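>>> A predicted structure for the sequence below; I have some questions about it.
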Amino acid sequence: MRRKASLILLALAVFFAALSPLLRWYAFPRLAKIPAHQYQDMVLEAKDATLLDYGTMKARKVSKVTIVQTLKGNVEASEKIEKTAGKDVVVWDGLSYVVGPDGKMVSKIPERYIFDAHTQEPVHATGEMVDGDPVRREGIEFKWPFLTEKRDYEYFDAQARVTAPIHYKGTRDFRGVEVYYFEQTIPWTKVKFPRTMPVEGITPESVAKTGTTRWYTTVRKFWVEPLTGAPVYGEEIHKEELRGGTLLGDREKVTAFAGHVKMREDYIDHTVDLVKSNRTLVLLMTSYLPWGFLGLGILLLSLALCLEARGRRPADPGPTQAAEPEPLNA
Amino acid sequence: MRALIAAATGLAVALALVLTITAMGSPTGETSPKPLLTTVPAHP
């Protein structure tokens, strides 16, 4: 009976000990992925910003500019791309909608971002675009990979349509969450006018005819929770200028937008809560369960060995039999 | 010999379990019917 129990314990010990590395290094990379149907929105605000008045073509101070960013997972498009890509793909249709203090649209830029659901590496397929222009991303956008490393990453800038390094600048504490802080600087770069302009009748083509060009620079800051790769907070020091051309009269340049863009407070709380709960799930797969199973395996193995040792111990000696008397030979 | 068989059984079951779970994956879901926002939401 002891022999049988120790064999069962041994099988269970091997089962749990094997499960530990399998879960961490085989199951986790395959199970951890961005769901294809995810929908999320984010509100960012730039208080006391500078905004161009297209009526007077003069920059003016405004109390607030709001940026509403939506990302919507397109399941049908991802399934179509998966057939040729041969891997799990996520297609995010996004919209950055900028609203002035009067509630009117300042700009809207749609984009399609296609990436590997597990690694967040960009996937190139028809439809990848920013504001209707085909682009080819070479880096991440919006989200870092699971188990983010303390190193620089390549990050795609949708305004300039370029991929540039975003630098790891250290580990910080953000509202009780350990985060990696990343920063990217895009120097002054000539960029396209948005397809949808804030004033009716003005089109990118009509502006281009005046010889006026649009320039942009930004310092992008992200506080990223490393296990999930999700940014818990973001900021941007963003400046746009119109330069040259007949549109500006005798001026060389005019500020189109300047502001320190920050996540709205209620969205910060919401994001931190969401990331904390997702972080627990990742920890479960990468730490709690693997270490727990390994410990359980060792414990069960010890029990199995203990039972086996007991089973093999020699039995207590019984009462000694009296030696038979030797036959007497007369 | 019996100990070896027991250990091999444990290993095989662990492998089978992990392979099954990863092969099953997670459901894809459907595209959200919610629109891309063009108004400022009051709350998340």
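Done, it's in.

>>> For residue A:113, what is the enclosing helix or strand?
Following DSSP states H and E, one finds residue A:113 within strand A:105-116.

>>> Can you identify the element that follows that strand toward the C-terminus?
strand A:129-130.

>>> State the mean pLDDT of that following strand.
Throughout strand A:129-130, pLDDT has a mean value of 97.

>>> One more: stretch A:248-268?
Here the average pLDDT along stretch A:248-268 is 95.

>>> what's the answer for stretch A:159-168, then?
According to the model, stretch A:159-168 has a mean pLDDT of 97.

>>> Centre of the chain to that stretch, how far?
How far stretch A:159-168 lies from its chain's middle: 16 Å, per CA atoms, centre = their mean, to the nearest Å.

>>> Nearest residue to the middle of chain A?
For chain A, residue A:143 is the residue whose C-alpha lies nearest the centre (CA atoms, centre = their mean; 3.0 Å).

>>> show me what contacts it?
A:34, A:120, A:229-231 (CB atoms under 8 Å, 6 or more residues apart in numbering or on different chains). Just so you know, the C-beta spots here come from the backbone N, C-alpha and C atoms, and that holds for glycine as well.

>>> avg pLDDT for the helix or strand residue B:5 falls within?
Using DSSP H and E, residue B:5 sits in helix B:2-24. In this model, helix B:2-24 has an average pLDDT of 95.

>>> Go through stretch A:266-279 and flag the buried ones.
In terms of neighbour count (16 or more other CB atoms under 10 Å in any protein chain shown), stretch A:266-279 has its buried residues at A:267-268, A:270-272, A:274-275, A:278-279.

>>> Does chain B have contacts with that stretch?
Yes. Shown here: stretch A:266-279 in contact with chain B (CB under 8 Å from any CB of the partner chain) through A:266-267, A:270-271.

>>> in chain A, what spans have low per-residue confidence?
Applying pLDDT under 70 to chain A flags residues A:1, A:315-330.

>>> List the contacts of the longest helix along it.
The residue-count maximum for a helix in chain A (DSSP state H) belongs to helix A:289-312. By CB under 8 Å, 6+ apart, the surrounding residues in contact with helix A:289-312 are A:2-3, A:5-7, A:9-10, A:12-21, A:23-24, B:3.

>>> Can you pull the residues of chain B lying near chain A?
Near chain A, when you scan chain B using CB under 8 Å from any CB, you find B:2-3, B:6-11, B:13-15, B:17-18, B:21-22, B:25-26, B:28-32, B:34-41, B:43-44.

>>> Are any of those buried, and if so which?
B:6-7, B:9-11, B:13-14, B:17-18, B:22, B:31, B:36-37, B:44.

>>> Please list all residues in contact with residue A:18.
Per CB under 8 Å, 6+ apart, neighbours of residue A:18: A:297, B:10-11, B:14-15.

>>> Using CSV, write out every CA atom in the longest helix of chain A.
Only the C-alpha atoms of helix A:289-312 are listed here, as CSV (Å, rounded to 0.1, in the frame of the first residue of the first chain):
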residue,chain,number,x,y,z
LEU,A,289,2.1,29.4,-10.5
PRO,A,290,5.5,28.3,-11.8
TRP,A,291,7.1,28.8,-8.3
GLY,A,292,4.1,27.3,-6.6
PHE,A,293,4.1,24.2,-8.8
LEU,A,294,7.9,23.8,-8.4
GLY,A,295,7.5,24.0,-4.6
LEU,A,296,4.6,21.5,-4.6
GLY,A,297,6.7,19.2,-6.9
ILE,A,298,9.6,19.2,-4.4
LEU,A,299,7.3,18.7,-1.5
LEU,A,300,5.5,15.7,-3.2
LEU,A,301,8.9,14.2,-4.2
SER,A,302,10.1,14.5,-0.6
LEU,A,303,6.9,12.7,0.6
ALA,A,304,7.2,10.0,-2.0
LEU,A,305,10.9,9.4,-1.0
CYS,A,306,9.9,9.3,2.7
LEU,A,307,7.1,6.8,2.1
GLU,A,308,9.4,4.7,-0.1
ALA,A,309,12.2,4.7,2.6
ARG,A,310,9.7,3.6,5.2
GLY,A,311,8.4,0.9,3.0
ARG,A,312,11.9,-0.5,2.5
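
>>> got the angle for it vs helix B:2-24?
Counting by axes from the mean of the first three to the mean of the last three CA atoms, to 10 degrees, helix A:289-312 points 160 degrees away from the direction of helix B:2-24.

>>> Looking only at helix A:289-312, what residues are buried by neighbour count?
Quick answer for helix A:289-312 (16+ other CB under 10 Å): A:289-290, A:293-294, A:296-297, A:300-301, A:303-304, A:307-308.
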